[in-house]
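S.K.: attaching a predicted model along with its sequence, questions to come.
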Amino acid sequence: MSSAVERGVLRGRPFGGVMTLVSKRLHNFTKIVCATDRYVIVIVGNSLIINVYFPCVGTADRLLVCDELIDNLTLWVQRYPSHSVLIGGDFNTDLDKASPVTQMLCSFFSEINLTRCDRLFHGPYPSTYHNESLNHESNIDFFASNPEAVLLFSALDLNINLSDHRPICVMCSFVFDHEVNIDDAKVVQSSSTNYVSELRWDKADLKLYREVTEYYLQPIYSELLELEHRESITANAIDYLYNRIVAILTLGADTAVPKCKKDFFEFWWDSDIDEMKEKSIASCKLWKDAGKPRSGSIFTIYRRDKAM
């Protein structure tokens, strides 16, 4: 980005960037390890979380840039051998298709003992990148991790999402210092007065909450049915399913239910924006139900409402 700005007035985006947001509740357990144009590394508890942006097709010296990125990431992982590793972001290559970049990434994952998260759980999942104008889709956004650290994974095809990139959800388990209780950790506040946040169910998107929880709870229901036919059920199996259910309910609340102090909502949000949002969601759902046509009145309405 610095070199792009030095060449003159910045128009558009020279390339994508990376940003990692961490909850204030985890402030005492978080450490920023490294932040560059193409990757951000943070430690949360016992986990090393890496957010990356690999160069896209057409980038000058793309293979050299990828090779340098992988070399740097390998060195950082080796510095923290006792940490679980989670790496994700926009890799700009489809790992299901053979290419030089795909080969480099697969070798990298194998070297540091990482597994693609989409292979840890039953799919199928929607493509993570879908460009309607070009009618192109692929799986270029993904996560890889130590298998034992991942509780949940999915790529979400939500009607509310207007980006070409579909959101990916990964739920992980973290281990914190046993001497510190996360609920007792000091929270950094932007003001001098602390407040207790609450879930605002009166402002929640209940439809989205039902979609998210139903999507993730269905596989667990199948696993519970399988447990009925076992001769014995271990306490570890029960704890594992319990933790996943709690994690899914928490994910649903984090996704669809605002959590804030009372009367803390955007002053600029009004009924007109609410109406535009609802129209966009409704036309998107109608378009999907119709089989995602590429022409016709349904497609025209969908594109119009999305651009509002």
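M.R.: All right, it came through fine.
S.K.: so where's the stretch 51-200 of the chain uncertain?
M.R.: Across the stretch 51-200 of the chain, residues meeting the criterion (pLDDT under 70) sit at 122-123, 177-197.
S.K.: rerun that using 80 as the cut-off
M.R.: Residues of the stretch 51-200 of the chain that meet the criterion pLDDT under 80 lie in 118-127, 130-144, 147-164, 172-198, 200.
S.K.: how about the strands in it?
M.R.: With DSSP state E, counting those that start in this stretch as the criterion, the stretch 51-200 of the chain has strands at 84-90, 115-116, 129-131, 136-138, 141-145, 150-155, 168-172, 198-199.
S.K.: do you know which of the ones you listed lies nearest residue 216?
M.R.: Minimum separation from residue 216 across these (CB to CB) falls at strand 150-155, 6.4 Å. (Each C-beta comes from the backbone N, C-alpha and C, glycine too.)
S.K.: next, the angle strand 141-145 makes with that closest one.
M.R.: What separates the directions of strand 150-155 and strand 141-145 is an angle of 170 degrees, with axes from the mean of the first three to the mean of the last three CA atoms, to 10 degrees.
S.K.: pop the domain breakdown of this protein in here.
M.R.: 2-184, 198-260, 271-306 (automatic domain parsing).
S.K.: surely residue 248 meets residue 217?
M.R.: Yes: using CB atoms under 8 Å, residue 248 is in contact with residue 217, at 5.8 Å.
S.K.: between these two, which one's more packed in?
M.R.: Each of residue 248 and residue 217 had its neighbours counted (other CB atoms under 10 Å), and the higher figure belongs to residue 248 (22 against 16).
S.K.: any idea what sits nearest that one, other than its immediate chain neighbours?
M.R.: Counting by CB to CB, 6 or more residues apart in numbering, residue 248 lies nearest to residue 216, which is 4.3 Å off, once chain neighbours are set aside.
S.K.: now residue 155
M.R.: Beyond its immediate neighbours in the sequence, the residue positioned closest to residue 155 (CB to CB, 6+ apart) is residue 125, lying 4.3 Å away.
S.K.: what backbone torsions are found at that neighbour?
M.R.: Residue 125 has phi and psi values of phi -120, psi 150 when expressed as degrees, to the nearest 10.
S.K.: burial of it, as a residue count?
M.R.: Other residues within reach of residue 125, judged by other CB under 10 Å, total 18.
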